[in-house]
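Below are the sequence and a predicted model; questions follow.
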Protein chains: 4
Amino acid sequence: MCRWLAYQGKPCYLDEMLHQPNHSLVSQSMDATKAVTAVNADGFGIAWYGEKPTPALYREVLPAWSDANLKSLAEHTRSHRFMAHVRASTGTNTSRENCHPFNVDSWLFMHNGQIPEFEQTRYSLERHLEESFYLKRKGSTDSELIFLLLLQYNMEASPKEALKKVIARVEAEMRAKEVEDPFKASICVSNGKQFWGLRYATHGVPPTLFYKHLDSGVVLASEPYDTDREGWKSVPAQSFIALEGEQVEITQFEMR
Amino acid sequence: MCRWLAYQGKPCYLDEMLHQPNHSLVSQSMDATKAVTAVNADGFGIAWYGEKPTPALYREVLPAWSDANLKSLAEHTRSHRFMAHVRASTGTNTSRENCHPFNVDSWLFMHNGQIPEFEQTRYSLERHLEESFYLKRKGSTDSELIFLLLLQYNMEASPKEALKKVIARVEAEMRAKEVEDPFKASICVSNGKQFWGLRYATHGVPPTLFYKHLDSGVVLASEPYDTDREGWKSVPAQSFIALEGEQVEITQFEMR
Amino acid sequence: MCRWLAYQGKPCYLDEMLHQPNHSLVSQSMDATKAVTAVNADGFGIAWYGEKPTPALYREVLPAWSDANLKSLAEHTRSHRFMAHVRASTGTNTSRENCHPFNVDSWLFMHNGQIPEFEQTRYSLERHLEESFYLKRKGSTDSELIFLLLLQYNMEASPKEALKKVIARVEAEMRAKEVEDPFKASICVSNGKQFWGLRYATHGVPPTLFYKHLDSGVVLASEPYDTDREGWKSVPAQSFIALEGEQVEITQFEMR
Amino acid sequence: MCRWLAYQGKPCYLDEMLHQPNHSLVSQSMDATKAVTAVNADGFGIAWYGEKPTPALYREVLPAWSDANLKSLAEHTRSHRFMAHVRASTGTNTSRENCHPFNVDSWLFMHNGQIPEFEQTRYSLERHLEESFYLKRKGSTDSELIFLLLLQYNMEASPKEALKKVIARVEAEMRAKEVEDPFKASICVSNGKQFWGLRYATHGVPPTLFYKHLDSGVVLASEPYDTDREGWKSVPAQSFIALEGEQVEITQFEMR
């Protein structure tokens, strides 16, 4: 399990959310409170949009708290739309290629959750990838695979529909291999113009997902980055969330 | 292109070949003379057999010359059978998972050369991998793919036959995609009991491969590690080489 | 604060203590129970003696749990005398040069604890280093400084006397700067032939230190590596411990 | 020896100089033509000024050519004043703390050259550092030491005078230790508002230094980043160069 955060609004320095708050994402890398694992130190990543359609991407295998580059970049980088992720591996190894966010063209993707017993379904799921998407695979995580499937299933046209198709495919393969633990995910994607998020589990309680309106914009996160939690709202389970400007639209996400 | 070295014989410290000679493998990482690329600094790896059937494996993304751990390990590790490799990427990224040697169970594999225009054939070649071998893939190099195909094509029974089958498969896919540059390779594999090597190109001159009898054993290498080259013999092009104890057996390797 | 372990006896594989026990040192890197900080993920190091008087040294900035090299090295390296350390920084940055154990010639040193408010006394303490010892400094930790002072104060002749002199010097500088928090340390050193350890605090409770007799030898550690703790004995506060072969000699360590 | 580049003018993306030119700084990391060492792969660093008085700093131990983070950061970061450096170690180890540029408050410093036989003079030179500057030392290079001495010798008031005082001190210590090789340096510093540079050697030929006026601003570099070298001017030996806006002022730099 992992922790992540996404912000859009008036340009702000990344460290205003990554380092400064009293329960900031970087402090969550050592001591998350809403997560299955308290320590999220198997690498991290940040990505931000500027004037180009493609985002800047910085990923590293160190714990977020101990990387001086992250601290300096976050202090000096201002963006109107950025993502950050601290990773707790569910089995795959610690490498930059396995760190979130994942990026293809102008798209970004990050994820907390997992395909349970991924080794059971990895082979058949990866064979669903068409050549052009297969060749974009650099690492070995379930997360990157979900991202590539989303792109293949035309996320461009409808992120919600693409998510439904991908999850249907994942759950079908899980059933075929008699994997009984639920698929669980809190996902965030962006095309560089807005965010979409998902909070979902096949059954049981999905990973937490919160959002908050700030004076400057909107932030979406695995858990509140301040300890008093004032103003944070929980996204309901089995929900799809669209953030356009400061608009937050939450709709039900049912798989049938 | 890369540089590599393999030794078997009486146990010796790794640094006797990796650091001490005047044109040692580590010095070749900065300044190879027989290679397409003089600089081989996109990571490195060493592996050695001891008392267990499986080898120890140490791989790192730094240039070999700047890694203090490598220096200390090589100075203090003695082995009767070891491999070492310094990497020059032909396109895939620099990560530990993309560094040689590659290891599965008691097998080791390392490689200098490439599948030309690998992105053309990668998709179809990887689809030849059966599930059990596919799941062992951790990186994205053509080298690791060749290794996994060799295991699938029963290298256990005959390394030479497995090499023929894999190269036939690779060259067939290359023809199908009209890739005209030759497949070139100098390969070294071990099951923990002996070495086998290959020097091959579809057409043209394959990467260099040399061997030398020492008082203590036999060494096989991309290029001699001493500048006077005394006692080094070149393995002929299109040859398969088997090293069993101090025995060196070289046989022709023709693809039809 | 950090966690460490030292073993001497019949040669055993490092992973028998670093990975296999249910509360092994590597698992303590994520979840120590006797430490001020539960997470010890600011790098790690291992060192072992073989046939040479100098030890092999492997240090890395990753968390111990996520380094595949450590796992392989520990599985395949056998030693009659080794040290291992997982680090939680008390302020200095995460670099290999700041990871324990520290090594000069045949000596090794590792440490859990700190010189409180080290920036207050660092300048004057480092000026006590003579040129030949000063030039051996590669990092910026208080730990490496203590080690170099020990060497300068003739640890060769008497580790216990050297420790007294160094701590007297440190505490004198602390008083001069009115640093009131206690100096606290659990230290382990070796000359390649035996271990010496210290459990000390200026006042208050020093960091924990335990030892255990195994069938094969003796292990000294910050905390027991098995959850039932059977056979582990606590070293009393303000004690110096000498491990020679299987002999454990504990003597009082008083600063006046 | 190393290679470096500094730009000020209208904001431009860093990759316009670091990656795009046919003999860009990143390509010089593998194949410099004007340097003592062709390979500059012992780490690298970039730093840039934005809206804050302090700069952003990104340093890494990988070769510049193999770091995907550098590529993405350079493609997406625009700055009106930035520095970049690719390192070839003259003996000290490869760590982020030993990579240029060095930063204190709003000051940046980078350097190509060396204090010859630095181990001879390191002890006495570091003892010239006052406590407040001594405590800023994080690594072990001669370069960082020169920077800290410059700050201590009031670079704020006059970079040229501070350089003279520091070099006088260095050369005095070298004479005291009978070091006969010359001190050689091409240095670049900035306070966030402009650049100053130096091309100097005690005797003999100092490291090369070039500058060029672009449409958008001025660039100062160890060697031209385009192979036709059109428009590049060599800074004469024993010269101090001040870049204020697009103004380039070159004055003699004599040590007596």
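The structure has been received and is ready for your questions.

What are the neighbouring residues in contact with A:L108?
When contacts are counted by Cβ atoms under 8 Å, 6 or more residues apart in numbering or on different chains, A:L108 touches A:47, A:55, A:83, A:101-102, A:189-190, A:192. Where you see a C-beta, it was placed from the backbone N, CA and C, and this is true even at glycine.

Read off the pLDDT value for it.
Confidence at A:L108, expressed as pLDDT, is 98.

Determine which two of the contacts of A:L108 are furthest apart.
A:F102 and A:G192 (14.2 Å; Cβ to Cβ).

Chain B contacts on chain A?
A:93, A:95-97, A:119, A:122-123, A:126-127, A:131, A:134-135, A:137-138, A:140 (Cβ under 8 Å from any Cβ of the partner chain).

Cross these against strands and list the overlap.
Judged by DSSP state E, the residues of chain A next to chain B include no members of strands.

Tell me the one of those residues nearest chain C?
Nearest to chain C among those: A:N93, at 6.2 Å, using Cβ to the nearest Cβ.

Can you spell out which residues form a bridge with A:Q247?
A:E244 (DSSP bridges).

That one - how many residues pack around it?
Using other Cβ atoms under 10 Å in any protein chain shown, A:Q247 has 9 neighbouring residues.

List the contacts of A:K177.
Per Cβ under 8 Å, 6+ apart, neighbours of A:K177: A:117, A:120-121.

Now the buried members of these.
In terms of neighbour count (16 or more other Cβ atoms under 10 Å in any protein chain shown), the buried residues within these are A:120-121.

In ChimeraX, select just the buried ones from the contacts of A:L108.
Only the buried members of the contacts of A:L108 enter the following ChimeraX selection, criterion being 16+ other Cβ under 10 Å:
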select /A:47,55,83,101,102,189,190
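
Which one of the contacts of A:L108 is nearest to chain B?
Among those, and counting by Cβ to the nearest Cβ, the member closest to chain B is A:F102, at 13.9 Å.

so what's the closest one bridging to?
A:F109.

thinking again about what came up before, buried ones among the residues of chain A next to chain B?
Looks like the residues of chain A next to chain B have A:93, A:95-97, A:122-123, A:126, A:134-135, A:137-138, A:140 buried, using 16+ other Cβ under 10 Å.

need the residues of the stretch 51-200 of chain A near chain C, please.
A:61-63, A:66-68, A:89, A:93-94.

what residue is smack in the middle of chain A?
Taking Cα atoms, centre = their mean, the centroid of chain A lies closest to A:M110, which sits 2.4 Å from it.

ok, A:H203 to chain C distance?
29 Å (Cβ to the nearest Cβ, to the nearest Å).

do the same with A:Y153
A:Y153 is 32 Å from chain C, by Cβ to the nearest Cβ.

doesn't A:A162 make contact with that residue?
Yes. Contact criterion Cβ atoms under 8 Å: A:Y153 and A:A162 qualify, at 4.3 Å.

Reformat the contacts of A:K177 as TSV; add distance to C:R78 and pLDDT.
Converted to TSV, the contacts of A:K177 look like this (distance: Cβ to Cβ, whole Å; pLDDT from 0 to 100):
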residue	distance to C:R78	pLDDT
A:E117	35	96
A:Q120	36	97
A:T121	39	98
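
List just the nearest of the contacts of A:K177 to C:Q8.
A:E117 (42.1 Å).

what ranges do the strands span in the stretch 51-200 of chain A?
A:56-60, A:78-86, A:102-104, A:107-114, A:184-190, A:195-201 (DSSP state E, counting those that start in this stretch).

per-residue confidence at A:N154?
For A:N154, pLDDT reads 97.

ok, now which ones touch it?
Taking Cβ under 8 Å, 6+ apart, we find A:N154 in contact with A:161-162.

Same check on A:W196?
With Cβ under 8 Å, 6+ apart, A:W196 has these contacts: A:159-160, A:188-190, A:240-243.

try 6 Å this time
For A:W196, the contacting residues are A:159, A:189, A:242, by Cβ atoms under 6 Å, 6 or more residues apart in numbering or on different chains.
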